[in-house]
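Asker: The following comprises the amino acid sequence and a computationally predicted model.
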Amino acid sequence: SENNERSFTVDSYVHSRPYSHYLSDYYFVLGGKTGSVSANASRPATTCIYVAVEGPDGAIFVGGVSKDAVSTEEDNHFRQLKVLFGIATQKYYDRDADTSELESQLTADRACVVVLPQNGNILSYGQYDWFGPDSPYHLFSRNGTEKIMTASSWKMLTVMTALDYVSDLNRKAVVLPEDINASTPSFSGGEVLTIRDLLHFIMLPSSNTSCNVVARTVGAMILDKQL
């Protein structure tokens with residue numbers, strides 16, 4: 001209820017990881033999201049990273065790599081993204097370009113990169129044929145249709161769907177006890193937050209609880225057609 005509303009103070013910062021310069025030294029990084037799944041008896045450990053960068057001519061590349069192993073200096077994700085965006089740059093200028101030399105340096109088990117459309121609402125991802133045979137957006141992929149556990153990187157789809165349907169980001173949502181999942185910041189239930197703040201919690205501290213709140217709230221809007 002509104003009586004349970006309280007204030008949060010959130011400090012956000014950019015965390016520079018080892019090897020991140022492999023990418024940031026060459027591209028202006030717009031943002032990204034990581035995800036990792038621990039190994040168990042039925043699957044290996046999997047790590048993923050998805051990043052958007054500014055490419056040639058102001059184009060925006062969105063690419064991701066995934067590997068079923070712990071990253072080393074040679075196959076570190078940032079280094080692999082640099083190789084991937086190098087392939088994308090060549091394909092951007094010539095879709096038939098021979099990128100075999102760069103591809104031989106790509107040790108990721110899975111990789112994919114697209115160039116975003118320069119006109120229209122890029123958040124309305126459903127209106128674009130991203131991976132069709134004549135797609136002007138798909139630049140390169142390796143095992144791009146393989147199904148994997150993407151962990152926290154999956155939260156990007158929750159955020160994209162919310163931005164597609166919520167016109168007022170100051171709209172408020174209530175945290176229910178069933179939404180609470182181990183993550184930061186901690187919630188006790190009954191907190192009232194704006195969708196804007198919940199989206200920040202999802203993307204920055206990678207809040208599982210906030211993701212549940214947004215999915216439930218926006219899902220109800222879609223079902224009720226309260227667009």
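Answerer: Perfect, I can see it now.
Asker: All the helices of this protein, residue numbers only.
Answerer: Under the criterion DSSP state H, the chain carries helices at the ranges 21-24, 77-93, 100-103, 155-165, 195-203, 208-224.
Asker: ok, residues contacting stretch 132-146?
Answerer: Counting contacts by C-beta atoms under 8 Å, 6 or more residues apart in numbering, the residues outside stretch 132-146 that touch it are 61, 84, 87-88, 91-92, 95, 99, 103, 106, 108-117, 128-131. Heads up, the C-betas are built off the backbone N, CA and C, glycines and all.
Asker: Using CSV, write out every CA atom in it.
Answerer: C-alpha atoms of stretch 132-146 as CSV (Å, rounded to 0.1, in the frame of the first residue of the first chain):
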residue,chain,number,x,y,z
GLY,A,132,15.7,-13.4,-42.1
PRO,A,133,17.6,-14.4,-45.2
ASP,A,134,17.4,-10.9,-46.5
SER,A,135,17.8,-9.1,-43.2
PRO,A,136,19.7,-5.8,-43.5
TYR,A,137,20.4,-6.0,-39.7
HIS,A,138,22.0,-9.4,-39.2
LEU,A,139,25.8,-9.1,-39.7
PHE,A,140,27.2,-12.4,-38.4
SER,A,141,26.5,-15.3,-36.1
ARG,A,142,28.0,-18.5,-34.9
ASN,A,143,25.6,-21.1,-33.4
GLY,A,144,23.2,-18.2,-33.0
THR,A,145,20.1,-20.3,-32.7
GLU,A,146,21.5,-22.6,-30.0
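Asker: buried set for it?
Answerer: 138, 139, 140, 141, 142 (16 or more other C-beta atoms under 10 Å).
Asker: And it, how far out from the chain middle?
Answerer: The chain centroid and the centroid of stretch 132-146 are separated by 17 Å, computed with C-alpha atoms, centre = their mean, to the nearest Å.
Asker: go on, stretch 103-113?
Answerer: 18 Å.
Asker: quick one: average pLDDT of it?
Answerer: The average pLDDT for stretch 103-113 rounds to 92.
Asker: buried ones in it?
Answerer: For stretch 103-113, burial by neighbour count (16+ other C-beta under 10 Å) applies to 106, 107, 108, 109, 110, 111, 112, 113.
Asker: Equivalent analysis for stretch 196-203, please.
Answerer: Of the residues in stretch 196-203, those scored as buried under the neighbour-count criterion (16+ other C-beta under 10 Å) are 197, 198, 199, 200, 201, 202, 203.
Asker: what's in contact with it?
Answerer: The set of residues that contact stretch 196-203 without belonging to it, under C-beta under 8 Å, 6+ apart, is 8, 10, 12, 31, 33, 155-156, 158-159, 162-163, 169-170, 173, 185, 193, 207, 209-211, 213-214.
Asker: Can you select the buried ones among the residues you listed for me in ChimeraX?
Answerer: Typed into ChimeraX, the line below selects the buried ones among those, using 16+ other C-beta under 10 Å:
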select :33,155,156,158,159,162,163,173,193,207,209,210,211,213,214
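Asker: just for this protein, where's the confidence low?
Answerer: 1-18, 39-45, 69-75, 120-126, 225-227 (pLDDT under 70).
Asker: residue ranges for the strands of it, please.
Answerer: 28-37, 46-54, 60-67, 110-115, 138-142, 172-174, 192-194 (DSSP state E).
Asker: between the ones you listed, which gets nearest to residue 221?
Answerer: Put simply, out of those the one that sits nearest residue 221 is strand 172-174, at 10.1 Å, with distance taken as C-beta to C-beta.
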